[in-house]
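Undergrad: here is my input; please provide its structure:
(one chain, ligands or ions: 2)
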Amino acid sequence: MRILLSSICLETGTDIQLALYYLKGFLLKQSSPQHFSPKVQIKVFNENQSISDIAKQILNCNPDLVGFSCYLWNIRKTLQVSRQLKRYDDSIKIVLGGPEVSPRAEELLKINKFIDIIVRGEGEEAFAQLAKSLTVENPDLSPVKGISFRRGKCVISNSDRLNLADISIIPSPYLTGLVNLKDRNIVDIPLETTRGCSFSCGYCYYHKEFLGLRFMPFSRVQKEFKMILSRKPREVYLMDATFNSCPKRAKRILKLFIRHNRGANLHVELRAELVDPEMARLLYRANAYNIEIGIQSTNPRTLKAVNRPLNIGKFVQGIQLLNKYKLFYEIQLIDALPFQSFSGLKKSLDWLYDLHPAKVSIFRLNLLPGTVLRQHAARFGIKYQSQAPYRAIKSRAMSKADLKRVEKIQFAMERLYDSQVFQNTLYALRDRAGVKISQIFEDWLVWEAKQKIHGPKYLDELNKKSPQFLEYFCHRHSKADLYYRLLPQLLKDLPGY
Ligand code: B12
Ligand code: SF4
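TA: Ligands and ions are numbered 1, 2, ... in the order given. Next up, the predicted model:
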C-alpha cells in the first residue's frame, strides 16, 4: 500500500509538519514485513501553489491513499485538491485529519462526496489501525474507533477513541531519522514535550482535540534536544499549549535545553502569571527570545465569558521579570470576544503599555469549529464568516466599524511601538502631554491618512516623517514647546540620522 501524507502549509508556518511525521512514525512501527508493510511518503505544499500543481505532484507519487492534515488555513484548498484527485483517479482513498475536520466530520463527509474517511482527534493510533484495515479486499471499518466514513449513501461515525495514555510510544521523528536534520533548509524545529492543555478557553479547540495533559519523558526530550541542538537550528519551537503550566517541569525542560543548546532560540507559549524569578532566569539562559503570552483581554467580564482566569498581580510580576532579562515576548489580545468593546480594548492597550512590554498584538477572533464560543456566539451577538477562517464580523460590543478601527490601531502599534522608532517619544508624550497611548495611536492614524506616500518604501518613508507627526500632535494638543524638547530624542531614534 502506497500512502502519501500531505499538508498545504502557510508561508509563515514551520518547516516540519509534526503531525505527518508522527503519523508516519507510528504507522511504520505497526508494520511487519509479512502482514502490513506500507510505503509512506510525506509531501508538503505551499499555500501559494495552484490546485492543479499540487494534484499533479500527488498523482505522480501514484498513491493508494492520501492523508491530508487540515487546519483552518488550508481546508478550502485541501478540499479542492481532493476533488481533483478523485476526478483523475477514483480508486485513491482520501483521508482527512486535523483540528479543522475533527469537530465537523459528518458535515464534511455529507457535502463532499470525494472524501472517504475523516479521522477525528488524535491521529496516530486511529490512522495506523485504519490503514491496516484498508489493506484487505472488502474492509470492515466498524472496529476502527475515532473515524467517520461513508458507507453507500450513509455517513457513519464510529465511537470516539481514547487518547493514547503514553505519548512516548509515538516514535520521535528526530531520533528515528524520519526528519533529515542535515537538510540545510531546516531552520525552525517544532517539538512537543507535552500534549493537551489543563485550561479550557471558550474560543479554543485544542484542549478538546487532546483531552487531558500528557508528558513526554524527560529522557526522550533530552535525547531530542541533544540531537536537534547539535545541528544548530535557528529556533526550536515547542508546540506545548502552555509551556509553563507545570512550572517545575518547565524549569527542568529549560535546564535540559540550556545544557545542550549551541545558540538556538527557543519559542514557547506561556502564562506570565506562572513566571517566577528562577523561570525568568532560565528562559533568559535558554535564549527564549520568542515568547507568546495570550492575555486576550483585561476585562473581567470578557475573561469570565471565555473561561480564562487572569491573576492581574501575578501577570504584572511575570512581565516585570521578563523585562528584567530583556526577553522578547508578544502579549496577545483578541478583538471581538464577548463584552470586548473598542473602548475596552483601548483600555487594555493603555494598561499593557504601562508595563513597557516587548510587543502587544491584537488578533482577530476566529470562531473555530467545535468551540464553546462558536456554539454560544449568538448569545453575545457575534456574527462570523461561514467559511474558514470564520472571522468575527461583529459582536454586540464591537461593531463592524469598530473592528476596522481595531485593524488600524494594530497598524499604528506596529509603526509607533514595535518599530522602535517612536517608542521613547510615545512614552514621553503620554507623560508630558497627558494623552493616553491609545489616543496617540488614533491621532497618528488621522495624520497618517493625510500622508501621500506610496510604493514599496512606504514604511521607511513613514518612519522618516515621524518628526512631522510629532509636530502635528504637539500642535493639536497645544503643546508646541514639547515638540522642541522631544525632537532631539526622536531624531536619535530614527534609523539613518
Ligand atoms: C504551530 C502552530 C501554528 C503555526 C503554523 C503551523 C504549521 N503547521 O505550520 C502558526 C504560528 C503560523 C499558526 C498560526 C495560526 N494558528 Co496555529 N497552531 C499551531 C500549533 C501550536 C501547533 C500545530 C502542531 O503542529 N501541533 C502538533 C500536532 C502533532 O498536532 P495536530 O496538528 O493537531 O495533529 C494531530 C491531530 O490533529 C491529527 N492529525 C493532524 N493531521 C492529520 C492528518 C491525517 C491524515 C490524520 C489521520 C490525522 C491528522 O493527528 C495528529 C497527531 O495526533 C497548534 C496548537 C497545537 N499545539 O497543536 C495551533 C493551531 C493549529 N492553530 C490554530 C489557529 C486558530 C491559528 C491562527 C488562526 C491563530 C490566529 N488567530 O492568528 C493562526 C492562523 C494564521 C493564518 N494565516 O491562517 C488552531 C487551529 C484550529 C483549526 N480549526 O484549524 C490550533 C489548533 C490552536 C487552537 N487554539 O485551537 N499556528
Ligand atoms: S487557548 Fe491555550 S490555554 Fe486556552 S485552552 Fe487553548 S491551548 Fe489551552
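Undergrad: Glu471: what's it in contact with?
TA: Tyr483 (Cβ atoms under 8 Å, 6 or more residues apart in numbering). Every residue, glycine included, has its C-beta placed from N, CA and C.
Undergrad: try 10 Å
TA: Glu471 makes contacts with Trp447, Ala480, Tyr483, Tyr484, Leu487, as judged by Cβ atoms under 10 Å, 6 or more residues apart in numbering.
Undergrad: how about the secondary structure of the first one?
TA: Read it as Trp447. For Trp447, the assignment made with DSSP: H, G, I helix; E, B strand; the rest coil gives helix.
Undergrad: and for Arg2, the neighbour number?
TA: Neighbour count for Arg2, taken as other Cβ atoms under 10 Å: 14.
Undergrad: what does Leu322 give?
TA: For Leu322, the count of nearby residues is 26 (other Cβ under 10 Å).
Undergrad: how close does it get to Gln57?
TA: Going from Leu322 to Gln57 by Cβ to Cβ, to the nearest Å gives 44 Å.
Undergrad: so among the contacts of Glu471, where is pLDDT lowest?
TA: Lowest in pLDDT among the contacts of Glu471 is Ala480, which has 90.
Undergrad: so what's the closest residue to that residue other than its chain neighbours up against?
TA: Excluding its sequence neighbours, the residue lying closest to Ala480 (Cβ to Cβ, 6 or more residues apart in numbering) is Cys474, at 5.7 Å. Contacts for Cys474 (Cβ under 10 Å, 6+ apart) come out as Leu429, Arg432, Ala433, Ala480, Asp481, Leu482, Tyr483, Tyr484, Arg485, Leu486, Leu487.
Undergrad: just the element for Cys474, please.
TA: Assigned by DSSP states H and E, Cys474 falls within helix 466-476.
Undergrad: if we go by neighbour counts, what in that helix is buried?
TA: Within helix 466-476, the residues that qualify as buried are Ser466, Pro467, Phe469, Leu470, Tyr472, Phe473, Cys474, counting by 16 or more other Cβ atoms under 10 Å.
Undergrad: just the residues you listed now: which is nearest Ala412?
TA: Closest approach to Ala412 among the buried residues of helix 466-476 (Cβ to Cβ): Phe469, at 10.5 Å.
Undergrad: look up how far ligand 2 lies from that closest one.
TA: As judged by Cβ to the nearest ligand atom, to the nearest Å, Phe469 and ligand 2 stand 36 Å apart.
Undergrad: can you count the residues close to the residue nearest to that residue when sequence neighbours are not counted?
TA: Leaving aside its sequence neighbours, Phe469 sits nearest to Trp447 (Cβ to Cβ, 6+ apart; 5.1 Å). Residue neighbour count, defined by other Cβ under 10 Å, stands at 18 for Trp447.
Undergrad: hmm, Phe422 and Trp447 touching each other?
TA: No: the criterion here is Cβ atoms under 10 Å, and Trp447 misses it with Phe422 at 11.9 Å.
Undergrad: in the stretch 201-350 of the chain, where is pLDDT below threshold?
TA: Nowhere does the stretch 201-350 of the chain drop to pLDDT under 70.
Undergrad: what does it put close to ligand 2?
TA: Those residues of the stretch 201-350 of the chain that sit near ligand 2, judged by Cβ under 6 Å from any ligand atom, are Cys201, Cys204, Tyr206, His207, Ala241, Thr242.
Undergrad: number of residues surrounding the third one?
TA: Residues lying near Tyr206 (other Cβ under 10 Å) number 17.
Undergrad: can you tell me how far it sits from ligand 1?
TA: From Tyr206 to ligand 1 the distance is 4 Å (Cβ to the nearest ligand atom).
Undergrad: now swap in the second one and tell me
TA: Computed as Cβ to the nearest ligand atom, the Cys204 to ligand 1 distance reads 4 Å.
Undergrad: the stretch 351-497 of the chain: strands as residue ranges?
TA: For the stretch 351-497 of the chain, the strands defined by DSSP state E, counting those that start in this stretch cover 360-363, 383-384, 392-394.
Undergrad: need the winner for burial among these.
TA: strand 392-394 (a mean of 19; mean count of other Cβ atoms under 10 Å).
Undergrad: what sits up against it?
TA: If you take Cβ under 10 Å, 6+ apart as the criterion, strand 392-394 is touched by 203, 334-337, 340, 364-367, 373, 377, 380-385, 398-403.
Undergrad: just the buried ones from the residues you listed, in PyMOL syntax?
TA: Applied in PyMOL, the following selects the buried portion of the contacts of strand 392-394 according to 16+ other Cβ under 10 Å:
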select buried, resi 203+334+335+336+337+340+365+366+367+373+377+380+382+384+398+402+403
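Undergrad: and the helices in the stretch 201-350 of the chain, which stretches?
TA: Assigned by DSSP state H, counting those that start in this stretch, the stretch 201-350 of the chain shows helices spanning 206-209, 218-230, 247-260, 277-285, 300-305, 312-324, 342-353.
Undergrad: pipe these into JSON lines and attach distance to Leu28 per row.
TA: Output for the helices of the stretch 201-350 of the chain, formatted as JSON lines (distance: least, Cβ to Cβ, whole Å):
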{"stretch": "helix 206-209", "distance to Leu28": "23"}
{"stretch": "helix 218-230", "distance to Leu28": "18"}
{"stretch": "helix 247-260", "distance to Leu28": "27"}
{"stretch": "helix 277-285", "distance to Leu28": "36"}
{"stretch": "helix 300-305", "distance to Leu28": "44"}
{"stretch": "helix 312-324", "distance to Leu28": "41"}
{"stretch": "helix 342-353", "distance to Leu28": "47"}
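Undergrad: Lys182 is nearest to which of those?
TA: Proximity to Lys182 (Cβ to Cβ) singles out helix 218-230 among the helices of the stretch 201-350 of the chain, at 10.9 Å.
Undergrad: list the buried residues of the closest one.
TA: Using 16+ other Cβ under 10 Å as the test for burial, helix 218-230 gives Arg220, Val221, Gln222, Lys223, Glu224, Phe225, Met227, Ile228, Leu229.
Undergrad: any idea how far the residue nearest to Tyr384 when sequence neighbours are not counted is from Ser31?
TA: If the residues on either side of it in the chain are set aside, Tyr384 comes closest to Leu367, at 4.2 Å by Cβ to Cβ, 6+ apart. Applying Cβ to Cβ, the value for Leu367 to Ser31 is 40 Å.
Undergrad: repeat that for Ser91.
TA: Look at Ser91 and Ser31: by Cβ to Cβ, they are 22 Å apart.
Undergrad: ok now do the spatially closest residue to Tyr237 that is not a sequence neighbour, which residues does it touch?
TA: In this structure, Tyr237 finds its nearest non-sequential neighbour in His267, 4.1 Å apart by Cβ to Cβ, 6+ apart. Contacts for His267 (Cβ under 10 Å, 6+ apart) come out as 14, 188-190, 235-239, 243, 287-292.
Undergrad: confirm that Thr144 sits in a helix.
TA: For the record, residue 144 is Val, not Thr. No: read with three-state DSSP, Val144 is coil and lies in no helix.
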